[in-house]
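Undergrad: Sequence first, predicted coordinates after that:
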Amino acid sequence: MLKYSIRRLLGMIPMLILISIVVFSLAKLMPGDSLSGEIDPLNTNPEYIAEMREKLGYNDPLPVQYFNWITGFVQGDFGKSTRFQIPVFDLILEKLPNTLLLGVTALIITYIMAFIMGMYSGRRPYTLGDNAIAGFNYVMLAIPSFVAAVFAIYIFAFQLNWFPFAGSVDILVEEGSFEYYISRMHHVLLPAIVLGAMSTASYTQFLRNDIIENSRKDFVRTARAKGTPMKKIYNVHILRNSIIPLVTFLGFDFAALIGGAIITETIFTYPGIGQLFLESVTSRDFPTLMALTMLLSFLTLFGNLLADILYGVVDPRIRLD
Amino acid sequence: MASSTTITQLKKPERSLSPWQIARRKFVRNKLAMISSFFIVLVTLMSISAPFLAPVLSPLPDISKVNISAMNIEPNGEHLLGTDKSGRDVLTRLFYGGRISLLVGFSATLIVITLGTVVGALAGFFGGFIDSILMRFTDFVLNFPFLVFVIVLNTILYGIVDGLWVLIMVIGALSWGGVARLVRSKVLAEKENEYILAALSIGCSPFKVITKHLLPNVISTIIVQGTLIFATMIVIESALSYLGFGVPQATPSWGNMLSSANEPDVLQGKPWIWMPPAIIITLTILSINFIGEGLKDALNPKSLR
């Protein structure tokens, strides 16, 4: 297992190098200098610009430029944002907690909803409740997340006034106080519900089918023969066996949440990585754009890898090597 | 003489239904899928006939003109769905928007299916070296964070080619990975059959084996997948347009129309501007998914109905 994980991790390196080359080429193809955050935009003296360009290495051949960029990148030097005039690293670090909070809350919501619905459907398959849950999940799966987000804002933020419709925290509350954390949770809840409810369908259906399948197995018959209450059989014996495969979904969700975050954060004007990314595209903030693209690619790769490895961990019958 | 007539009489009722006929019967019996098909046909017809319908249904059939005198009108007898902040008729734009959204969705699906099928069939049929090269490439495409690359690529190509086709090509070129994997796995399973060996042994060229023998046997999977991808592509188009990275703002598409909901003022106080596109997107996606499920059921010889 360990050997396989290490081999897969090493296998990621060529993929990352390829992606970094693609990202670099894309940034070079975009109009404007991709690394011009260091030049003072107010000084328009052509000599100064030419001198700075020479100093920053824009006149070097492309492979050299790529090499310089990637060496800095590996060492954590992402360059300086052209828009905010601060290191990209700090910029990302500032927004990352918001995105993580959103992602984790969304995941928790997905798990809770999927658990309740999946366990109910698995225990009473082909009943009215089961069909209703299946229908609900189907509709949630089909509705595009941004349409759902727009409706959620309209209904819950504007009509019912339950949630704020923008931002990640109230401006008036003091940082670090109890109200501050409550306000943050309050802000994150609506986007997280929208993001989380979208992906319940696969979890619910998987859990339902697994519970139905497991309930026909021999160990269930033995437990029933011994007189174990049905509630205990379902909640302990079967659930334990059905939960494990769900873990593998975690890796895929990782990648899905990244894509979801870009859209959801923009709609809710929630200051996170996704919003930062879109702003860096519109404002041609190339250092930020390149760093974020690399980061998001890495996370996607890592999520897929995690899914593969977890798959082998939870089901020893699957041979990985 | 008498015996030959009995033979012909016997032969006729023996002729059983072709697989396609069976599938069609199953599909027609599926109410949800039929209602959805009807809806999709209706939306398509409305979109296609937009230039003829618009002058009949609204007093402002020109979608490119800004009408200062008719801004933000609530739905009434004259403007059935009201007008938007530039004084353009919402209903007219909805028709024209359908043209763009459906066109982008359909063309992108065509690209995805073609690329995916070619790559998957080649990799699955030849195996070995070609397989590993093609599948590495597929992994590479699949591992890109899709939305991120679409947005960056679209920004680069924006000025160079006409905006609409950039979008179609970019989303098409980045989303064929899943189809390639699916087709490859189907081809891998199918090529183990003896009829493939027979075809090869009588000297059929690989091209002929793939097109005449393998693909007809995996086509039902591709059709079902294509339907579901069509829905996904419409979602992607509207999501990108909503974010401002899709179809150029001047061209009405459902996503572009919905993007007016970005302004809190419109979202809160003028629901007639953003609700029609939101509802029609949702209904279209739902219908296409129902059709896809119906097709999956109908084309599966093992399904009971």
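TA: It's in. Numbering: from 1, shown residues only, chains lettered A, B, ... in the order given.
Undergrad: which of the residues in the longest helix along chain A are buried?
TA: The residue-count maximum for a helix in chain A (DSSP state H) belongs to helix A:88-123. Across helix A:88-123, burial judged by 16 or more other C-beta atoms under 10 Å in any protein chain shown covers A:88-89, A:91-92, A:95, A:98-99, A:101-103, A:105-107, A:109-111, A:113-115, A:117-123. Yep, even glycine has a C-beta here, placed from its N, CA and C like the rest.
Undergrad: Kindly report the same for stretch A:132-142.
TA: For stretch A:132-142, by 16+ other C-beta under 10 Å, it's A:Ile133, A:Ala134, A:Phe136, A:Asn137, A:Tyr138, A:Met140, A:Leu141, A:Ala142.
Undergrad: Return the distance of the first one relative to A:Ala201.
TA: Meaning A:Ile133. Applying C-beta to C-beta, to the nearest Å, the value for A:Ile133 to A:Ala201 is 10 Å.
Undergrad: ok, now the last one?
TA: Spatial separation of A:Ala142 from A:Ala201 under the definition C-beta to C-beta is 9 Å.
Undergrad: In contact with A:Phe165, which residues?
TA: Contacts were defined as C-beta atoms under 8 Å, 6 or more residues apart in numbering or on different chains; by that measure A:Phe165 touches A:Ile153, A:Ala157, A:Phe158, A:Leu190, A:Phe268, B:Pro264.
Undergrad: Narrow those residues to those in strands?
TA: In this view, the contacts of A:Phe165 have no member that belongs to strands under DSSP state E.
Undergrad: A:Gly167 is in contact with A:Pro271, correct?
TA: Yes. Under the criterion of C-beta atoms under 8 Å, A:Pro271 makes contact with A:Gly167 at 7.2 Å.
Undergrad: Settle it for me: which of those two has more neighbours?
TA: When A:Pro271 and A:Gly167 are compared on other C-beta atoms under 10 Å in any protein chain shown, the one with more neighbours turns out to be A:Pro271, at 18 against 14.
Undergrad: what's the more buried one sitting at in phi/psi?
TA: Main-chain dihedrals, A:Pro271, degrees, to the nearest 10: phi -70, psi 90.
Undergrad: check contacts around it.
TA: Contact partners of A:Pro271, counting by C-beta under 8 Å, 6+ apart, are A:Lys95, A:Asn98, A:Gly167, A:Ser168, A:Glu265.
Undergrad: From the residues you listed, pick the one nearest chain B.
TA: When these are compared for distance to chain B (C-beta to the nearest C-beta), A:Glu265 wins out at 10.6 Å.
Undergrad: So for B:Pro75, what's the nearest residue that isn't a sequence neighbour?
TA: The shortest distance from B:Pro75 to any residue that is not its chain neighbour, by C-beta to C-beta, 6 or more residues apart in numbering or on different chains, is 4.3 Å, and that residue is B:Gly82.
Undergrad: count of neighbours near that neighbour?
TA: For B:Gly82, the neighbour count with other C-beta under 10 Å is 20.
Undergrad: what's the answer for B:Met34, then?
TA: For B:Met34, the number of neighbouring residues by other C-beta under 10 Å comes to 15.
Undergrad: what about the stretch 201-321 of chain A, any weak spots by pLDDT?
TA: Along the stretch 201-321 of chain A, the parts satisfying pLDDT under 70 run over A:255, A:315-321.
Undergrad: where do the helices sit along it?
TA: Per DSSP state H, counting those that start in this stretch, the stretch 201-321 of chain A has helices spanning A:218-225, A:230-232, A:239-246, A:249-267, A:273-282, A:286-314. These are given in chain order.
Undergrad: Quick one: list the elements packing against the fifth one.
TA: What it means is helix A:273-282. Other elements packing on helix A:273-282 under the criterion 3 or more C-beta pairs under 8 Å, 6 or more residues apart in numbering or on different chains; DSSP states H and E are helix A:88-123, helix A:249-267, helix A:286-314, helix B:146-157.
Undergrad: Same list (those) but as JSON lines, adding distance to B:Val183.
TA: Putting those into JSON lines (distance: least, C-beta to C-beta, whole Å) gives the following:
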{"stretch": "helix A:88-123", "distance to B:Val183": "31"}
{"stretch": "helix A:249-267", "distance to B:Val183": "21"}
{"stretch": "helix A:286-314", "distance to B:Val183": "20"}
{"stretch": "helix B:146-157", "distance to B:Val183": "19"}
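Undergrad: Tell me which of the ones you listed lies nearest to A:Met230.
TA: Distances from A:Met230 to each of the helices and strands packed on helix A:273-282 were compared using C-beta to C-beta; the shortest belongs to helix A:88-123, at 8.6 Å.
Undergrad: Could you pull up the residues touching the closest residue to A:Thr105 other than its chain neighbours?
TA: Counting by C-beta to C-beta, 6+ apart, the nearest residue to A:Thr105 once its immediate chain neighbours are dropped is A:Ala192, at 3.8 Å. Under the criterion of C-beta under 8 Å, 6+ apart, the contact list for A:Ala192 reads A:Leu102, A:Thr105, A:Ala106, A:Ile109.
Undergrad: same thing with B:Leu197?
TA: Contact criterion C-beta under 8 Å, 6+ apart gives no residues in contact with B:Leu197.
Undergrad: my read: B:Leu243 touches A:Ile263, true?
TA: Yes. The pair B:Leu243 / A:Ile263 is scored as a contact, 6.8 Å apart, by C-beta under 8 Å.
Undergrad: Enumerate the residues of the stretch 101-250 of chain B near chain A.
TA: The stretch 101-250 of chain B comes close to chain A at residues B:139-140, B:143-149, B:151-153, B:155-156, B:159, B:231, B:235, B:238-239, B:242-245, as judged by C-beta under 8 Å from any C-beta of the partner chain.
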